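Student: Fold the following.
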Amino acid sequence: MEESVYIICNKSDDKQVYEIKKTALNRLVASSKKRIDNRYKKFETLTSALIHRTCQSHYNDETAIATFCSSRRKKSQEGKQINKDALIFNFQSHCFLCGGFFGNISKDKISSVQNNDTRENILQHIKKQNTINDFDKNILARLRNVPDLVAIEAHYHTVCYFV
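Tutor: Residues are numbered from 1 along each chain as shown. Take a look at the predicted model:
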(Lines give C-alpha, C1' and ligand atoms only; values in the text may rest on other atoms or scores of the structure.)
Protein backbone atom coordinates (compact mmCIF):
# COMPACT_ATOMS: atom_id res chain seq x y z
CA MET A 1 0.00 0.00 0.00
CA GLU A 2 1.41 3.39 -1.01
CA GLU A 3 -0.49 5.65 1.35
CA SER A 4 -0.41 5.22 5.14
CA VAL A 5 -2.37 8.38 6.02
CA TYR A 6 -6.15 8.50 5.81
CA ILE A 7 -6.37 10.55 2.65
CA ILE A 8 -9.53 12.57 3.25
CA CYS A 9 -9.42 13.62 6.91
CA ASN A 10 -5.75 12.96 7.79
CA LYS A 11 -6.82 11.64 11.22
CA SER A 12 -5.05 8.74 12.83
CA ASP A 13 -7.88 6.78 14.46
CA ASP A 14 -8.65 3.26 13.25
CA LYS A 15 -12.45 3.49 13.19
CA GLN A 16 -13.94 1.85 10.10
CA VAL A 17 -10.79 2.20 8.02
CA TYR A 18 -10.21 0.15 4.92
CA GLU A 19 -8.02 0.06 1.86
CA ILE A 20 -9.30 1.36 -1.44
CA LYS A 21 -7.92 0.61 -4.89
CA LYS A 22 -7.89 2.37 -8.24
CA THR A 23 -11.66 2.27 -8.92
CA ALA A 24 -12.52 3.97 -5.62
CA LEU A 25 -9.63 6.39 -6.10
CA ASN A 26 -11.01 7.31 -9.52
CA ARG A 27 -14.34 8.15 -7.86
CA LEU A 28 -12.47 10.40 -5.40
CA VAL A 29 -10.72 12.07 -8.35
CA ALA A 30 -14.09 12.81 -9.96
CA SER A 31 -15.48 14.18 -6.68
CA SER A 32 -12.39 16.32 -6.18
CA LYS A 33 -12.74 17.82 -9.64
CA LYS A 34 -16.40 18.66 -8.91
CA ARG A 35 -15.34 20.28 -5.64
CA ILE A 36 -12.44 22.09 -7.36
CA ASP A 37 -10.24 21.35 -4.33
CA ASN A 38 -7.17 20.03 -6.21
CA ARG A 39 -6.95 16.86 -4.09
CA TYR A 40 -7.38 14.89 -7.30
CA LYS A 41 -3.75 15.60 -8.15
CA LYS A 42 -2.68 13.50 -5.18
CA PHE A 43 -5.37 10.85 -5.72
CA GLU A 44 -4.28 10.30 -9.33
CA THR A 45 -0.78 9.30 -8.21
CA LEU A 46 -2.00 6.52 -5.91
CA THR A 47 -2.82 2.89 -6.62
CA SER A 48 -4.23 2.26 -3.13
CA ALA A 49 -4.89 4.18 0.09
CA LEU A 50 -6.46 3.98 3.54
CA ILE A 51 -9.73 5.80 4.12
CA HIS A 52 -12.58 5.97 6.63
CA ARG A 53 -15.85 4.70 5.20
CA THR A 54 -17.70 7.78 6.46
CA CYS A 55 -15.12 10.15 4.97
CA GLN A 56 -15.32 8.42 1.60
CA SER A 57 -19.10 8.39 1.66
CA HIS A 58 -19.35 12.08 2.59
CA TYR A 59 -16.65 13.18 0.13
CA ASN A 60 -18.40 11.41 -2.77
CA ASP A 61 -21.94 12.40 -1.76
CA GLU A 62 -23.51 14.59 -4.47
CA THR A 63 -25.47 16.65 -1.93
CA ALA A 64 -22.33 17.30 0.13
CA ILE A 65 -20.46 18.29 -3.03
CA ALA A 66 -23.25 20.71 -4.03
CA THR A 67 -23.28 22.22 -0.53
CA PHE A 68 -19.50 22.59 -0.55
CA CYS A 69 -19.52 24.30 -3.97
CA SER A 70 -22.41 26.58 -3.02
CA SER A 71 -20.66 27.64 0.18
CA ARG A 72 -17.45 28.29 -1.71
CA ARG A 73 -19.26 30.44 -4.32
CA LYS A 74 -21.06 32.40 -1.60
CA LYS A 75 -17.78 33.14 0.23
CA SER A 76 -16.18 34.20 -3.04
CA GLN A 77 -19.05 36.57 -3.86
CA GLU A 78 -18.98 38.04 -0.34
CA GLY A 79 -15.24 38.64 -0.69
CA LYS A 80 -15.71 40.34 -4.06
CA GLN A 81 -18.41 42.60 -2.62
CA ILE A 82 -16.21 43.54 0.35
CA ASN A 83 -13.34 44.42 -1.99
CA LYS A 84 -15.64 46.41 -4.30
CA ASP A 85 -17.02 48.37 -1.35
CA ALA A 86 -13.49 49.04 -0.10
CA LEU A 87 -12.42 50.52 -3.45
CA ILE A 88 -15.11 53.20 -3.31
CA PHE A 89 -14.82 53.84 0.44
CA ASN A 90 -14.71 57.50 1.56
CA PHE A 91 -12.16 57.74 4.38
CA GLN A 92 -12.99 61.38 5.18
CA SER A 93 -16.74 61.04 5.74
CA HIS A 94 -16.83 57.49 7.11
CA CYS A 95 -15.08 55.70 9.95
CA PHE A 96 -12.49 53.44 8.32
CA LEU A 97 -12.97 50.94 11.16
CA CYS A 98 -16.74 50.43 11.40
CA GLY A 99 -17.65 52.02 8.06
CA GLY A 100 -20.21 54.29 9.70
CA PHE A 101 -21.03 57.72 8.28
CA PHE A 102 -20.03 60.63 10.50
CA GLY A 103 -22.98 62.86 9.61
CA ASN A 104 -23.78 65.21 12.49
CA ILE A 105 -21.52 63.52 15.05
CA SER A 106 -19.59 66.04 17.12
CA LYS A 107 -15.93 66.57 16.19
CA ASP A 108 -14.71 65.43 19.62
CA LYS A 109 -15.99 61.92 18.86
CA ILE A 110 -14.08 61.73 15.56
CA SER A 111 -10.31 61.34 15.27
CA SER A 112 -8.03 61.61 12.27
CA VAL A 113 -5.14 59.23 11.70
CA GLN A 114 -1.99 61.04 12.84
CA ASN A 115 0.73 58.55 11.88
CA ASN A 116 1.21 55.51 9.69
CA ASP A 117 1.78 53.26 12.69
CA THR A 118 -1.99 53.22 13.13
CA ARG A 119 -2.47 51.13 10.00
CA GLU A 120 0.27 48.67 10.96
CA ASN A 121 -0.99 48.39 14.54
CA ILE A 122 -4.48 47.51 13.35
CA LEU A 123 -3.17 44.96 10.83
CA GLN A 124 -0.99 43.35 13.52
CA HIS A 125 -3.92 43.22 15.95
CA ILE A 126 -6.16 41.48 13.41
CA LYS A 127 -3.45 38.99 12.44
CA LYS A 128 -2.95 37.99 16.10
CA GLN A 129 -6.57 36.89 16.42
CA ASN A 130 -7.42 33.22 15.97
CA THR A 131 -10.51 33.94 13.92
CA ILE A 132 -11.27 36.83 11.62
CA ASN A 133 -14.87 38.06 11.64
CA ASP A 134 -16.73 40.13 9.03
CA PHE A 135 -15.84 43.38 10.83
CA ASP A 136 -12.13 42.53 10.52
CA LYS A 137 -12.51 41.44 6.88
CA ASN A 138 -13.99 44.82 6.02
CA ILE A 139 -11.14 46.65 7.74
CA LEU A 140 -8.55 44.50 5.98
CA ALA A 141 -10.18 45.16 2.60
CA ARG A 142 -10.16 48.91 3.20
CA LEU A 143 -6.55 48.97 4.40
CA ARG A 144 -5.33 46.72 1.58
CA ASN A 145 -6.00 49.48 -0.92
CA VAL A 146 -4.54 52.34 1.12
CA PRO A 147 -0.92 52.22 2.27
CA ASP A 148 -0.94 55.74 3.77
CA LEU A 149 -3.91 56.67 5.96
CA VAL A 150 -2.40 60.03 6.89
CA ALA A 151 -2.08 61.12 3.26
CA ILE A 152 -5.73 60.40 2.51
CA GLU A 153 -6.83 62.05 5.76
CA ALA A 154 -8.56 58.96 7.13
CA HIS A 155 -10.90 59.41 10.10
CA TYR A 156 -12.47 57.09 12.65
CA HIS A 157 -14.86 57.13 15.58
CA THR A 158 -12.71 57.44 18.69
CA VAL A 159 -14.65 54.62 20.38
CA CYS A 160 -14.06 52.27 17.41
CA TYR A 161 -10.30 52.41 17.83
CA PHE A 162 -10.53 51.05 21.36
CA VAL A 163 -12.98 48.22 20.66
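
Student: and the residue nearest to residue 7 when sequence neighbours are not counted, how far is that from residue 118?
Tutor: Among residues not flanking residue 7 along the chain, residue 49 sits closest, at 4.7 Å (CB to CB, 6 or more residues apart in numbering). Where C-beta positions appear, they are placed from N, C-alpha and C, glycine not excepted. According to CB to CB, to the nearest Å, residue 49 and residue 118 sit 51 Å apart.

Student: Look at those two and report which has more neighbours.
Tutor: The residue with more neighbours, out of residue 49 and residue 118, is residue 49; 23 against 19, by other CB atoms under 10 Å.

Student: which residue ranges form the helices in the chain?
Tutor: Remark: helices assigned in the chain by DSSP state H are 22-35, 40-43, 53-60, 62-87, 117-128, 134-144, 158-161.

Student: Kindly report which one of the ones you listed carries the lowest mean pLDDT.
Tutor: Confidence, taken as mean pLDDT, is least for helix 62-87 of these (a mean of 72).

Student: Pull the contacting residues for residue 121.
Tutor: With CB atoms under 8 Å, 6 or more residues apart in numbering as the criterion, no residue contacts residue 121.

Student: swap in residue 114?
Tutor: residue 150.

Student: that older thread, next, format the helices of the chain as JSON lines and append distance to residue 15.
Tutor: Output for the helices of the chain, formatted as JSON lines (distance: least, CB to CB, whole Å):
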{"stretch": "helix 22-35", "distance to residue 15": "18"}
{"stretch": "helix 40-43", "distance to residue 15": "22"}
{"stretch": "helix 53-60", "distance to residue 15": "8"}
{"stretch": "helix 62-87", "distance to residue 15": "19"}
{"stretch": "helix 117-128", "distance to residue 15": "36"}
{"stretch": "helix 134-144", "distance to residue 15": "36"}
{"stretch": "helix 158-161", "distance to residue 15": "48"}
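
Student: Select, out of the ones you listed, the one closest to residue 14.
Tutor: Among those, the nearest to residue 14 by CB to CB is helix 53-60 (12.1 Å).

Student: Count the neighbours of the closest residue to residue 38 other than its chain neighbours for me.
Tutor: Nearest non-adjacent residue to residue 38, counting by CB to CB, 6+ apart: residue 32, 7.1 Å away. By other CB under 10 Å, 20 other residues sit near residue 32.

Student: for the one 3 residues further on, same thing?
Tutor: By the other CB under 10 Å criterion, the neighbourhood of residue 35 contains 17 residues.
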